[in-house]
Structures are given as structure tokens and as C-alpha cells.
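A.B. asks: how would this look folded up:
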Amino acid sequence: MKPLFITAIILFLHTACGSSTNKPSATAVQPTDTLTTLRLPEIPVMLNTPEQRASYLAEHYWEHINWADTNYIHHPEITEQGWANFIDILKLIPTTERENALKNTFAAAEVEKKCYQYLIQLADKYLYDPNSPLCNEEYYITVLDAIIHSPILTTTEKIRYQERRVLAQRNRIGTPAQNFSYTLISGTSGQLYDIQANYTLVFFNNPGCHACGEVMDALKTSKVIRNAIRHKQLKVLSLYPDEDIREWKAFANSYPREWINGYDKKQVIQEKNLYDLKAIPSLYLLDKSKKVLLKDTTTEEIERWLSQ
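C.D. replies: Numbers count the residues shown, from 1 in each chain. Just a heads-up that it's a prediction; the model follows:
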């Protein structure tokens, strides 16, 4: 049986509101900041399966939060940890419930713009930042939809998020990957959609990037990936998207010969934002028709998919 709420039940909290003084005095008492914990909802005892309890907790997670109280902004040790735990809980519930929980959270925070903007910052930090262990584009898309349709933000304030929403839709899991041209070191050109294989692994990378080298080593040493290439089930397209091809050419011999090793000669991918390359390296696994199976994925996830 799965752990009930991962780390979410770590805080059993309650909030208190400070009372105001009735009359000014020469020795006025300074108000005490009583916000020390995040109070979680009590789960009905009749909900006795992990799935039921997780669903209830996700739906009612923030019910004791007063989003009109900007004091929460000054307590990241409470709100930020609470947000991280909330995201963990969302992993345990169905997609529709997850989307509703996120949308309802943002709708509730519309009572105070400062709190709403703080909630956006948390979503950006944990769901959008590629370095976040909780980074999740599908979750973030739900957040973007909530932001775009929120009446509390101005049209100008929404522009950044509208642009992110358009980019997130491109190459979304289950949709056709954007086609692009690549050029080999020999000068020969090709296109992504011309690659014939049951699976295509697109590896956006930069030879001067340490993380790219680590991912490349993992791909090169993976028995699952090597076997898939050997049995002609998988082709790997390594793509250098930047301008300085001298650096790329200097590392050309580092790539396995069985890979397709190319670069974006006309810089179309970045200029037209065909792919979201805010972080390098980036891995995409595509099926035979070039539909996206895995996006911004890991070697381990690719191995699991190919081993099915």
C-alpha cells in the first residue's frame, strides 16, 4: 500500500488571527505574529483508502487559509513547504481532480492580488523551473489556464503567461512533434520527419555543457538504448541548437557513430521557439509517426518505455 500522503501530513497545523487593540495607549502593545503552521483539513474517517484520502485532502487542502491575509507571503517556511506537499499529493489523484484542485486554489486566492501573485511565484518556482525536482509541465499548463482567465490580473500582466501557454502546447505529450531541419558535419541536410524508425530520440545538447556530457554518457552506456539501436527499433538524433558550430565540430568524434549528429544551421528552432529549450540538455522520445511520447525526460524513463 502506498504511503498515505507522502510528506504532506508532516504539518498538522492551525492558524490564528491577531486581535486588534480597541484604544490607542501610550504603551501600545505590538501585534504578535501568530502565523506558525499550516492547518490541514481533518479527513473523514469513512474515507479509508489512500486514494480516497488523497482526493479529499487535495480538494480541501487550503480551506483553512485566509487568502486575504498577506501575512502568509512573509512565511515561506509555511506556505512554500505547504505548496510542495500539495504538489506531492496531486500525484496520487486522477487528472480531473488534480486540475480542479489547482484551478480552485488559484480561484480562492483571487481575493487578494498580492497573495495571488505569490501563488504564481510558487508555481513558477516548483512547476516551471526546469531545475525543480517537482517541475511538471502538465500541472503548470493547468496553472497557466487559471492565470490567463483570472479577472484579478491585467491584460499586460497576462502576456508572459499567454506566451508560455502557447509554447507549452507545442510538442506536448500525445501531440505531433514540431518538424525541423538539421545539418550534418558533412554538410548534408535532413529533416526530423524523414527519420525512419519505430522510435526517435531527439537529444538537444551543447558540447560545452557538463550536464549534457553526463546525459550523453548515460545514453551511450544504456544497454536498453544500445539494444534498441542495434535491433533498428530506435534512432538517436543529437541536435546542437546554438550558433558556434566550431565548438560542436570539435566534439564531433565524441558522439557515437550510430547516432545522427546534426546542428540547426539556420537557427530556426530557437528563433521560432519550435521547442522549449530553456534548459539544456533536453530529451524527447517520439513514436514512428513522430508523436511525442516523453518530453523533457530522463534516460531512466526512456529505458522504462522501451522495455515495455
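
A.B. asks: mind listing what's buried in the helix or strand of the chain with the lowest mean pLDDT?
C.D. replies: In the chain, the helix or strand scored least confidently by mean pLDDT, DSSP states H and E is helix 245-250, which has a mean of 90. For helix 245-250, burial by neighbour count (16 or more other CB atoms under 10 Å) applies to W248. C-beta coordinates here come from the backbone N, C-alpha and C atoms, glycine included.

A.B. asks: contacts for the following helix or strand past that helix?
C.D. replies: Sequence-wise, the next helix or strand downstream of helix 245-250 (DSSP states H and E) is strand 260-263. Outside strand 260-263, the residues that touch it by CB atoms under 8 Å, 6 or more residues apart in numbering are 182-185, 190, 195, 235-242, 245, 248, 252, 255.

A.B. asks: Give the buried residues for stretch 88-105.
C.D. replies: In terms of neighbour count (16+ other CB under 10 Å), stretch 88-105 has its buried residues at 89-90, 92-93, 97-99, 101-102, 104-105.

A.B. asks: could those be laid out in TSV, adding pLDDT?
C.D. replies: Output for the buried residues of stretch 88-105, formatted as TSV (pLDDT from 0 to 100):
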residue	pLDDT
I89	97
L90	97
L92	96
I93	97
E97	97
R98	98
E99	98
A101	98
L102	98
N104	97
T105	97
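
A.B. asks: and the residue positioned nearest the centre of the chain, what does it touch?
C.D. replies: Geometric centre of the chain, nearest residue: N136, 2.4 Å, by CA atoms, centre = their mean. N136 is in contact with 87, 127, counting by CB under 8 Å, 6+ apart.

A.B. asks: Please tell me the pLDDT value assigned to it.
C.D. replies: Per-residue confidence (pLDDT) for N136: 95.

A.B. asks: what do you get for H14?
C.D. replies: For H14, the pLDDT comes out at 32.

A.B. asks: now D244
C.D. replies: pLDDT for D244: 87.

A.B. asks: same deal with W305?
C.D. replies: 96.

A.B. asks: could you check the distance from it over to L283?
C.D. replies: Distance of W305 to L283, given as CB to CB, to the nearest Å: 11 Å.

A.B. asks: same thing with T79?
C.D. replies: Distance, T79 to L283, by CB to CB: 33 Å.
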